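Enquirer: Model the following, please.
(one chain, ligands or ions: 2)
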Amino acid sequence: MFKGVLFDLDGVITDTAEYHYQAWKKLGAEIGVTIDRHFNEQLKGVSREDSLARLLAHGGVEANFSETEKAELAARKNEYYVEMIQNVTPQDIYPGITELLTALKQAGIKCSLASASKNGPFLLKKMELFDTFDAIADPAKVAHGKPAPDIFILAAKEVGLDPAECIGIEDARAGIEAIIKSGAQPVGVGKPEVLGDTIPLVSSTEFLTFDYLTQIWTK
Ligand code: G6P
Ligand code: MG
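Expert: Ligands and ions are numbered 1, 2, ... in the order given. Sure, this is the predicted structure:
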């Protein structure tokens, strides 16, 4: 039986993946870079700085900005994003997530956050989930962002576990890759076209029940 569940946040616990997209789209429009949802799949799970680098490369405008200007662009995107998440409430928690967290707690299974977002603690507080999590891995403490496994390894460590004892839940391709490399067992929220067809997938978080996780646990 697994001893921990390592949760991504944006796109798994709530719909903030959409706000990240809207904020990048707004910033992109201001600097003449157009992005669509297809391109956005490449930004999901990826750190703020790496996302900016991908967006600039996508528009072929990387050389137009100094490091200082890039830092300003990343900060500006975050301002847009932070403005958008001010009104997040517990009502914004995706279907089934609260029930899953309750069931895991009752079973004595650790819940740890493995999000690349520096806004994770703020969002958990807004959704009144901050105390439900046993740990929040700090993305500032890891050397490499997703698709590297670092944040999942840290999230497991923070609750005293090895990733091999845990299930990781992700909506992003980079995140699934990170889970696999960490040694945890992946579950994807999304479509096989995006996440591949080699791992267990749910089309909606409402199917992420405790029973489902015990069924897909193969060790
Ligand atoms: C998550 C999201 C990404 C975001 C990253 C950093 O992984 O999926 O879209 O870029 O966190 O978030 P932050 O809130 O720190 O900019
Ligand atoms: Mg995500």
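
Enquirer: Show me what from the chain comes close to ligand 2.
Expert: By C-beta under 5 Å from the ion, the part of the chain that sits against ligand 2 consists of 8, 10, 11, 171, 172. C-beta here means a position set from N, CA and C on the backbone, and glycine is covered the same way.

Enquirer: Quick check: the second one touching residue 115?
Expert: Spelled out, that is residue 10. Yes: Residue 10 lies in contact with residue 115 (C-beta atoms under 8 Å); the separation is 6.6 Å.

Enquirer: Could you check which of these two is surrounded by more residues?
Expert: residue 115 (28 against 25; other C-beta atoms under 10 Å).

Enquirer: helices or strands next to whichever strand or helix holds residue 79 in the packing?
Expert: Assigned by DSSP states H and E, residue 79 belongs to helix 67-84. Packing contacts for helix 67-84, counted by 3 or more C-beta pairs under 8 Å, 6 or more residues apart in numbering; DSSP states H and E, involve helix 16-30, helix 48-59.

Enquirer: which stretch among the ones you listed comes nearest residue 161?
Expert: Residue 161 lies closest to helix 16-30 among these, at 25.9 Å (C-beta to C-beta).

Enquirer: Is the closest one positioned near ligand 1?
Expert: Yes: Helix 16-30 lies within reach of ligand 1 by C-beta under 6 Å from any ligand atom, at 17, 20.

Enquirer: Stretch 184-204 too?
Expert: No: on the criterion C-beta under 6 Å from any ligand atom, stretch 184-204 is out of touch with ligand 1, staying 12.2 Å away.

Enquirer: Next: stretch 153-165.
Expert: No: under the criterion of C-beta under 6 Å from any ligand atom, stretch 153-165 makes no contact with ligand 1; the nearest approach is 12.8 Å.

Enquirer: How about stretch 42-51?
Expert: Yes: Stretch 42-51 is in contact with ligand 1 by C-beta under 6 Å from any ligand atom, via 43, 44, 45, 46, 47, 48, 51.

Enquirer: again, but for stretch 85-95
Expert: No: between stretch 85-95 and ligand 1, judged by C-beta under 6 Å from any ligand atom, nothing touches; the nearest distance is 8.7 Å.

Enquirer: same thing with stretch 55-62?
Expert: No: applying C-beta under 6 Å from any ligand atom, one finds stretch 55-62 separated from ligand 1 by no less than 10.4 Å.

Enquirer: what does that stretch contact?
Expert: For stretch 55-62, the surrounding residues in contact (C-beta atoms under 8 Å, 6 or more residues apart in numbering) are 24, 27-28, 31-35, 39, 43, 53, 64-65, 70.

Enquirer: buried sites along that stretch?
Expert: 55, 56, 58 (16 or more other C-beta atoms under 10 Å).

Enquirer: Make TSV out of the residues you listed and add pLDDT.
Expert: Output for the buried residues of stretch 55-62, formatted as TSV (pLDDT from 0 to 100):
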residue	pLDDT
55	98
56	98
58	98
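
Enquirer: out of the residues of stretch 42-51 next to ligand 1, who's nearest ligand 1?
Expert: residue 48 (3.6 Å; C-beta to the nearest ligand atom).

Enquirer: which ones are touching that closest one?
Expert: 74, 77, 78, 118.
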